[in-house]
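Asks: missing the sequence, but the structure's below:
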């Protein structure tokens, strides 16, 4: 166990000399800074918080904290789902939300420079206004880009366009000792030694603090539409996915969910878009598919081919959402899944395992097989196109019920992660490991990879002060 120091009055004065009144302590501490969107993974009380404003300020802060062995945790909007920004060792929390400027576009090289506190939704809109398309599309649109990069966030468009990692060209990073480092370059390819840029992506704030990003942009598709595809059961819905992927449809998004998940989100949104019965047959599960193209004739041909393929695979119907209002309502329902769960339940645990696409039916069937062993409700949905499955254990209870709930969900999660590993999958597809999934990652990877990760961490951060107790410790 690393020995950390506490914030003495002298160290606080050093920090206030750098950040002034933005160094917050005592009763003025914001309770939101003690956890992320999954407080079940723990709540940590920092000794001080600072809403940082620049690379140079962060550098100066880190030099002080490193010299005094003060733990530092960085957060953005706090929308993570693995306890990644929870200050489990106390110390100082640095929030990057004030670093929220879009610094400029390079239209010839098709990229944009941003600070880490820019929200995903803001960049997506601003890029569109400039005639560009930023494809990464995680479900939480009000997460920061720094957080997206730190977890290599995926989202619904990953099946066609890839994850956040595929759009990061360069970054500025402050190391734990305060040194400022520039990684990558606004180029299309590189074969220039170890890729420290890609090592930083997905490191969840454990190796360095991202203070600026250069992100690749692409030309937006000319037109798109979505297909709402009801099936009688989940097995049939998932069974259609390999055929879709082998076809030339190249869907922008390929999602699956069950009727129970849809009913949950409809209670939250108060609206209904998806059919519940088709020709007298009850719908049990759905695929939601987005297709895009360079012109309307090409899109029409894709829709026709997709509908034929899906009906042959057992779909009860294929509905086309091709008007702005219909598209908005359709995807608003899908984007509200987590909010729908949170509106109905106050005790929630989750996993976001990723398995080979061909193994999705095996994994979802296994969940159904073991579900009756547990007292909580299970809600499930995911990205059928890339095998990323979100499973939520949900219950309503009092504070006295939390420990019993955590004990039961721990058993459930151990079974899920073991099954994912058995099927050739991994612990997290896009949410990260954070604090909540550390033991599961160790079980999944084994001692040698974990030892290598720990060695990398110690090279970057010998005093282990930056976001301690996460991922591999």
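Replies: That came through, no problem. Bear in mind the structure is a predicted one, so any value in this text is a computation, not a measurement.
Asks: chain center to the helix or strand bottoming out on mean pLDDT in the chain: distance?
Replies: Sorted by mean pLDDT, DSSP states H and E, the helices and strands of the chain end with helix 324-335, the least confident at a mean of 90. Once both centres are worked out by Cα atoms, centre = their mean, to the nearest Å, helix 324-335 turns out to sit 21 Å from its chain's centre.
Asks: May I see the buried residues of it?
Replies: 326, 329-331, 333-335 (16 or more other Cβ atoms under 10 Å). (C-beta placed from N, C-alpha, C; glycine too.)
Asks: With respect to residue 57, which of those residues is nearest?
Replies: Using Cβ to Cβ, residue 335 is the member of the buried residues of helix 324-335 that lies nearest residue 57, at 34.7 Å.
Asks: So the residue nearest to the closest one when sequence neighbours are not counted versus residue 153, what's the distance?
Replies: Take residue 335 and drop its neighbours on the chain: the residue closest to it by Cβ to Cβ, 6 or more residues apart in numbering is residue 139, 6.0 Å away. Going from residue 139 to residue 153 by Cβ to Cβ, to the nearest Å gives 9 Å.
Asks: Compare these two and say which is more crowded by neighbours.
Replies: For residue 139 and residue 153, the more surrounded residue by other Cβ atoms under 10 Å is residue 153, and the numbers stand at 27 against 21.
Asks: Quick check: the more buried one is in a helix.
Replies: No. Assessed with DSSP: H, G, I helix; E, B strand; the rest coil, residue 153 is coil; it does not lie in a helix.
Asks: Phi and psi next, for the nearest residue to it once chain neighbours are set aside.
Replies: Spatially, and ignoring its direct neighbours in sequence, residue 153 is nearest to residue 138 (4.1 Å; Cβ to Cβ, 6+ apart). Phi and psi for residue 138, reported as degrees, to the nearest 10, are phi -60, psi 160.
Asks: you'd agree residue 108 is in a helix?
Replies: No. If the criterion is three-state DSSP, then residue 108 is coil and not within a helix.
Asks: Please parse the protein into its domains.
Replies: Domain assignment of the chain by automatic domain parsing yields the ranges 9-96, 102-216, 223-338, 345-432.
Asks: for those, which one sits closest to residue 466?
Replies: Closest among the domains of the chain, using Cβ to Cβ: domain 102-216, at 4.5 Å.
Asks: Count the neighbours of residue 298 for me.
Replies: Using other Cβ under 10 Å, residue 298 is surrounded by 15 other residues.
Asks: so which helix or strand takes in it?
Replies: Here residue 298 sits within helix 296-312, counting by DSSP states H and E.
Asks: What strands flank the helix or strand that comes right after that helix, and is each parallel or antiparallel?
Replies: Downstream of helix 296-312, the next assigned helix or strand under DSSP H and E is strand 319-321. Next to strand 319-321 in the sheet, as set by DSSP bridges, lie strand 223-231 (antiparallel).
Asks: In terms of secondary structure, what does the helix or strand following the least confident helix or strand of the chain contact?
Replies: Beyond helix 324-335 in the direction of the C-terminus, DSSP H and E gives the next helix or strand as helix 337-344. Here helix 337-344 touches helix 259-269, strand 377-383, strand 388-395, going by 3 or more Cβ pairs under 8 Å, 6 or more residues apart in numbering; DSSP states H and E.
Asks: Quick one, which of these gets closest to residue 352.
Replies: Using Cβ to Cβ, the nearest of the helices and strands packed on helix 337-344 to residue 352 is strand 388-395, at 5.1 Å.
Asks: which other residues reach the closest one?
Replies: Strand 388-395 has contacts (Cβ atoms under 8 Å, 6 or more residues apart in numbering) with 154, 158, 337, 341, 344-345, 347-355, 360, 363-364, 367, 374-383, 401, 405, 408-409, 412-413, 416, 429-430.
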